[in-house]
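S.K.: I would like to see how this sequence folds:
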Amino acid sequence: MAPPAENIIETPTKFDVYSHVIRALVLRDMRTRFGGSHWGYAVVVLWPVAHIFLIVGIMAFRGMPSPMGDSPLLFVATGCVPALTFQYISREVMKAIMNNRPLIYYPQVKIFDLMIARLLVEIVKGFTGLVIVLAILACLGVDPIPEEPAVAIGGYCAAIFMGIGIGSINIGIVSFFPGWQLGYILVTISMYISSGIFFLPHMLPAQIYEIMKWNPMVQIVEWVRVAYEPALGVEVDHAYVLLIAGSTLAIGLVMERTVVRHLT
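M.R.: Below you'll find the model as predicted:
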């Protein structure tokens, strides 16, 4: 005789267990980083937005015209949004391991899980900030819709992909050299300044421009800007950007399996 249906206990699948672990890590990450309040989350999301308007204010104060189109706000936003997306993801993924190292002692939690949880939080945070920037642009009378939306989405996703790749390598480096958290700040500052956020790199002498294009963030910023200004006159090497992002992710995952696990 078969037991009553209400007495049958379903055994959770591996996917169910994994999804519960990731959900718990995401909730813990948000509560510890943002103070467990909506205000804390709002401050973190609005910080990049304030960053954009600060740069626009400096340009207006100095009387600098927009090098692309008629809106300095749109010019700065098309550069800052992908650059800051890359910067925050690549940095926060690294910090996730350092801040949550005690959780690794639980058998259900792996380093890769901490990485995925932090990535989800950062992607949602970045998308929320992007929506806010687009809404503010629309309220100020600036058309936030690019002429080629698919190209803009591709550039934004490339910035996320690049952030994941560099962030995974950072995890490997910081696992045996914690001081890299400070060292990477210098790296991100140099990449940020040289990414063409405040200027159009292709307007520089050809020799300098060719050197700058080795920085994948230069091409990602141009990738997004071409979506708004197709006649900008630049050629983005999409294969190069995706190759660098994919290669860094592959190296980072190999380091996670061979270096990080042995050190933790």
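S.K.: lowest-confidence helix or strand of this protein?
M.R.: helix 261-263 (a mean of 54; mean pLDDT, DSSP states H and E).
S.K.: quick one: average pLDDT of the strand or helix carrying Val218?
M.R.: Element membership for Val218 (DSSP states H and E) is helix 216-228. In this model, helix 216-228 has an average pLDDT of 91.
S.K.: next, the buried residues of the helix or strand following that helix.
M.R.: For helix 216-228, the following helix or strand on the C-terminal side (DSSP H and E) is helix 238-255. For helix 238-255, a neighbour-count test (16 or more other Cβ atoms under 10 Å) marks 241, 244-245, 248-249, 252-253, 255 as buried. For every residue, glycine as well, the C-beta is placed using N, CA and C.
S.K.: again, but for stretch 142-158
M.R.: For stretch 142-158, by 16+ other Cβ under 10 Å, it's 142, 144, 146, 151-152, 154-156, 158.
S.K.: quick one: stretch 132-145 to chain centroid distance?
M.R.: With Cα atoms, centre = their mean, to the nearest Å as the basis, stretch 132-145 stands 21 Å off its chain's centre.
S.K.: any buried residues in it, and which?
M.R.: Buried residues in stretch 132-145, defined by neighbour count with 16+ other Cβ under 10 Å: 133, 136-137, 142, 144.
S.K.: and these, which two are furthest apart?
M.R.: The span of the buried residues of stretch 132-145, defined through Cβ to Cβ, is set by Val133 and Val142 at 10.3 Å.
S.K.: which residues are in contact with the helix or strand harbouring Ser19?
M.R.: Assigned by DSSP H and E, Ser19 belongs to helix 14-33. Outside of helix 14-33, the residues that reach it under the criterion Cβ atoms under 8 Å, 6 or more residues apart in numbering are 12, 40-41, 44, 96, 99-100, 103, 108-109, 113-114, 116-118, 120-121.
S.K.: tell me the mean pLDDT for it?
M.R.: The average pLDDT within helix 14-33 is 77.
S.K.: buried sites along it?
M.R.: For helix 14-33, a neighbour-count test (16+ other Cβ under 10 Å) marks 21-22, 25-26, 29-30, 33 as buried.
S.K.: CSV for these, including distance to Val221?
M.R.: Output for the buried residues of helix 14-33, formatted as CSV (distance: Cβ to Cβ, whole Å):
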residue, distance to Val221
Val21, 36
Ile22, 31
Leu25, 32
Val26, 29
Asp29, 28
Met30, 29
Arg33, 27
